[in-house]
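Colleague: Quick one, fold the following:
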Amino acid sequence: MTLESASQSAPDFCTGMHSFGALWPDFTTHGAQPVIAPGERAIKDAQDRTAAYQTLLMADALRYVTLQMCAAKASGHPGGFASSADVYAALVMLGHTHIVTEVGHHAPGFYSAMFLDKSLERIGIRTMSDLMSRFREHDGLLGHLSGAIPGILAPAGPLGQGQHFAMAGALLHPNVLFPVTIGDGGLGEPYVLSAIKHFHTSYPTVTNFLPTLIWNGYSQEHHSMVSGLTNDEMRRYFEAHGFARVILVDAKEFDDAGQPGAYVDSTRFSLPQRLAFAQAVLVATDQAARAAQGGTLTALIIKQLKGAGVHAHGAKSHNLYPGDTLDKPQIAASLAARALAPAAWALVRENFVRAGGGPAADTVATERVFALTELGAFPAKDYPRAEKAIPSTAVGALVAWLGGQDKRFVVSNADGNEASGLKNINDALKIRHPTVDALYNQEPHGQVYEPLSEDACAGLAAGLALFGGRSLWLSYESFAINGWPIYQTVTQAMAELRRRTPSAVCLFTAGALEQGRNGWTHQRPEIENYIAAQMRNGNVYLLFPPDANAAQAAYEYAATSWNKGMAIIASKSALPVYMSLEEARRGVRTGAAVLYEGPAGNRGQVVLAAAGDMIFLPVFAAKDMLEAQGFGVRIVAVINPRQLYRPQDVAATTVAEPDTGFMDEAQFARMFAGDRLLAITGGPPGPLEPVLNRSRAPLRATLAWKRGDTTAQPSELLELNGLSASAIVAQVLAL
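Modeller: Below is the predicted model of the structure:
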């Protein structure tokens, strides 16, 4: 059959396909009807030969679409997904379509699946031509996975993140299986299996997620670090991390093509052996899924050479380069080898559409808003001015209340809440631990999740927020950088989502100025600059409550917001209260608040604009010294610097749940106008950028953190960093 005649008889979605093939032998027997019956969600029997036959067709369809899509742009990553196509097809045929991955490079394969099940029709991608034109284009299919794409559950970019999404999904949806594909490279990340180990210890009955290792021998540019393990060693590796059942299918055992090495390409087998391998993968996947859903922590391992069925093998198959177009001989040959007949394409499409109850864009849990418990008014305490109170402890009381209202709410922490002035959270919500111990607030059903890994803390909390639940990640400011990458991934994903989800909220305590005797290892506030850079994204907020009332207001603001990343920097030390609760709420919403306005001075007006909490101790001391020298002084707390940008500075209108409530010019002038403006922070200067950008003060300067050192008192650390009261006064005079 010529390409022209095949195109004429093919389903409409095939428009633009480069090649068509002949019907496989026995197609009239095993391809007469879709094996997933009308009205059904899955095949009936994994042992059925017809089911294996159609699973293999689906796997080749996935390989074909993935390679042609990438070759259309001479760009993208087909090789890793190619070695996972058999197990991906098996999961779909078994009705398990809530599939996530930690391998961003598998994106073309996931897009192929969403194309074949009609999910991409929601964004106007109906044909192969559409798919090619929209791949790796603006307002199309970005190079790595995004939850903004219909049917895609979660983003995937940096390695070692996908398991967090699978575990969060399993926790929120106990009757749904969440398979997560993990690559050789991802397994080399230090936290993947340890995160699962801690989660299983904490939630032993939540096993409805299925880590699926795509063990293909290679990572991006070389052999993977686990390529030399034997099958038994790999099983033991998973068993050592708590997996009660490890099911491994090795393509080598089915090879009749004489391929050398431990990793082989199943598409080179004879058709009978290809079918035998497909049957084995289908049966193993069914067994693994049933075990996982039945209460057994289970891992599935598929061992097959990277690039199986596409243009190259090993790391050379990882991505396409300029020149790897549809006309390149090895690309064309690979497409011809995987091409299906028109009738086979129609069969694959129907199985895809029926699997799981319909297109993923209609059926997966993350396509709907997750139902949440109504909270009502927060019981915030209005601390009197001039009284001293611990900001973190004030927040802890609200967190404890919220956890009592919403029993699915999870608080994660690695360093221990008590060390952050947050024992009240542990007292109320309890640390989730298999060992019951009242002294340490431990009990098996607690809501405080405490792995000693910031990645695991941030991962579960961020995953829960993305999938629709409420959570809070608590960390020391110095160590939060170890967990921030997944928060960055999730907040970007939230900006793109087509549904509402609670914001990813975190609270960082133990600021640099509080950690004198711990030395520079605990004095690393630079993450504030990292987050400040993200504020221009449009949905990331960095909050600096200066006192206990503002800390409560900041948490209310964050916990009731949607599709945002909210990072609160709060002290664990007793500090003066500067504002009433209502003043604090206004300050959080508008971006800043005036804490002090003194009489006019004969030497002009000085504005001390500060972000932080302990930093206000030297600021107020400097105020007294400046007023004694004839200056008028206004002290402004920069609480929510994102709101101090101008609208054109921030991508605010491009995100889900947009907030365009920026402080207007008149209000900004009332707060920050003066003859001299000194922007001050106990951390890095990035959060003060919007103040310095908009200020029209003729004389301006910045005082900020320089570096850590060991000191006995905070005053010494302030002096070392040029942040003492006398240093502030000296800088004003130098202006």
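Colleague: use CA for all of it now, contacts and neighbours both
Modeller: Noted.
Colleague: How is the spatially most central residue of the chain classified with respect to secondary structure?
Modeller: Here the mean C-alpha position of the chain is nearest to the C-alpha of residue 490 (CA atoms, centre = their mean), at a distance of 3.3 Å. Here residue 490 is recorded as helix under DSSP: H, G, I helix; E, B strand; the rest coil.
Colleague: Then residue 596?
Modeller: Assignment for residue 596 (three-state DSSP): strand.
Colleague: Name the nearest residue to it, ignoring sequence neighbours.
Modeller: Using CA to CA, 6 or more residues apart in numbering and skipping the chain neighbours, the partner closest in space to residue 596 is residue 635 (5.0 Å).
Colleague: I'd guessed the one you found sits against residue 605; true?
Modeller: No - if you go by CA atoms under 8 Å, residue 635 and residue 605 don't touch, sitting 10.9 Å apart.
Colleague: any idea how far residue 728 is from the residue lying closest to residue 631 once chain neighbours are set aside?
Modeller: Leaving aside its chain neighbours, residue 631 sits nearest to residue 601 (4.4 Å; criterion: CA to CA, 6+ apart). Noted for residue 601: a distance of 18 Å to residue 728, by CA to CA, to the nearest Å.
Colleague: Those two: which is more packed in?
Modeller: residue 728 (25 against 16; other CA atoms under 10 Å).
Colleague: Okay, and that one sits in which element?
Modeller: Element membership for residue 728 (DSSP states H and E) is helix 725-734.
Colleague: any idea how far that helix is from the chain center?
Modeller: How far helix 725-734 lies from its chain's middle: 43 Å, per CA atoms, centre = their mean, to the nearest Å.
Colleague: ditto for stretch 387-407
Modeller: Centroid separation between stretch 387-407 and its chain, computed with CA atoms, centre = their mean, is 26 Å.
Colleague: Residue 311 versus the closest residue to residue 307 other than its chain neighbours, what's the distance?
Modeller: Distances taken as CA to CA, 6+ apart place residue 79 nearest to residue 307, at 4.0 Å, with adjacent residues excluded. Distance from residue 79 to residue 311, counting by CA to CA: 8 Å.
Colleague: Counting neighbours, go ahead and name the busier of the two.
Modeller: Between residue 79 and residue 311, residue 79 has the larger neighbour count (other CA under 10 Å), namely 34 against 23.
Colleague: Got phi/psi on the residue nearest to residue 596?
Modeller: Residue 635 adopts backbone torsions of phi -110, psi 120, taken as degrees, to the nearest 10.
Colleague: I'd like the mean pLDDT over the helix ranked longest in the chain, please.
Modeller: What stands out as the longest helix in the chain, according to DSSP state H, is helix 49-73. The pLDDT scores in helix 49-73 average 98.
Colleague: List the buried residues for stretch 288-299?
Modeller: 288, 289, 291, 292, 293, 296, 297, 298, 299 (16 or more other CA atoms under 10 Å).
Colleague: could you measure the closest residue to residue 123 other than its chain neighbours against residue 100, distance?
Modeller: Distances taken as CA to CA, 6+ apart place residue 150 nearest to residue 123, at 7.7 Å, with adjacent residues excluded. Separation of residue 150 from residue 100 (CA to CA) stands at 13 Å.
Colleague: What of residue 445?
Modeller: From residue 445 to residue 100 the distance is 27 Å (CA to CA).
Colleague: Pick out whichever of those two has more residues nearby.
Modeller: The neighbour comparison of residue 445 against residue 100 (other CA under 10 Å) goes to residue 100, with 27 against 15.
Colleague: Could you pull up the residues touching the more buried one?
Modeller: By CA atoms under 8 Å, 6 or more residues apart in numbering, the residues touching residue 100 are 152, 153, 154, 162, 165, 166, 178, 179, 180, 181.
Colleague: Closest one of those residues to residue 72?
Modeller: Comparing those against residue 72 with CA to CA places residue 152 closest, at 22.0 Å.
Colleague: correct me, but the closest one touches residue 146?
Modeller: Yes - counting by CA under 8 Å, residue 152 touches residue 146, with 6.8 Å between them.
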